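Colleague: test case, fold it:
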Amino acid sequence: MTALWIAHVTVTDADAYARYAQGATEAIAAHGGVFLARGGRYVQLEGTDRPRNVVARFPSLERAVECYHSAQYQAALAHAKGAAVRDLMVVEEV
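Modeller: Residues are numbered from 1 along each chain as shown. Predicted structure coming up:
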């Protein structure tokens, strides 16, 4: 089953986060991930509002988790530490 990587983000350092986004894009693609939403318009109906929302589809939940733990993604993630407040989850599609 495919899985969705869903991130809700408030960026606090745009330059550092841009470095993260570049490296993360490459890591996600290398693990079969395809972006479905990346920023863009949204309507917050409930819960905590985060102005940046990202959804990527992976071939499986395992591939998405593998991506997160990969050296390539972790190197990119180092740029996001202290540059954003993030919530990230992976959910299997039905």
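Colleague: show me what the longest helix along the chain is packed up against.
Modeller: With secondary structure taken from DSSP state H, the chain has its longest helix at helix 14-30. Helix 14-30 sits against strand 3-11, helix 61-69, helix 71-80, with contacts defined as 3 or more C-beta pairs under 8 Å, 6 or more residues apart in numbering; DSSP states H and E. All C-beta spots, glycine's among them, are computed from the backbone N, C-alpha and C.
Colleague: show me what counts as buried in the second one.
Modeller: So that's helix 61-69. Buried residues in helix 61-69, counting neighbours by 16 or more other C-beta atoms under 10 Å, are found at L61, R63, A64, C67, Y68.
Colleague: and these, which is closest to A37?
Modeller: Distance to A37, by C-beta to C-beta, is smallest for A64 among the buried residues of helix 61-69, at 15.2 Å.
Colleague: residue contacts, the closest one?
Modeller: Each residue near A64 by C-beta atoms under 8 Å, 6 or more residues apart in numbering is listed here: A3, W5, H31, G33, A56, F58, V90.
Colleague: what about 10 Å?
Modeller: A64 makes contacts with 2-6, 28, 31-33, 56-58, 89-92, as judged by C-beta atoms under 10 Å, 6 or more residues apart in numbering.
Colleague: one more: A30?
Modeller: Contact analysis of A30 by C-beta under 10 Å, 6+ apart lists C67, S70, Q72, Y73.
Colleague: what distance do you get for it to A71?
Modeller: As defined by C-beta to C-beta, to the nearest Å, A30 lies at a distance of 11 Å from A71.
Colleague: for T25, same thing?
Modeller: T25 is 16 Å from A71, where distance means C-beta to C-beta.
Colleague: ok, the two, which is more surrounded?
Modeller: Applying other C-beta atoms under 10 Å to T25 and A71 shows that T25 carries more neighbours, namely 15 against 8.
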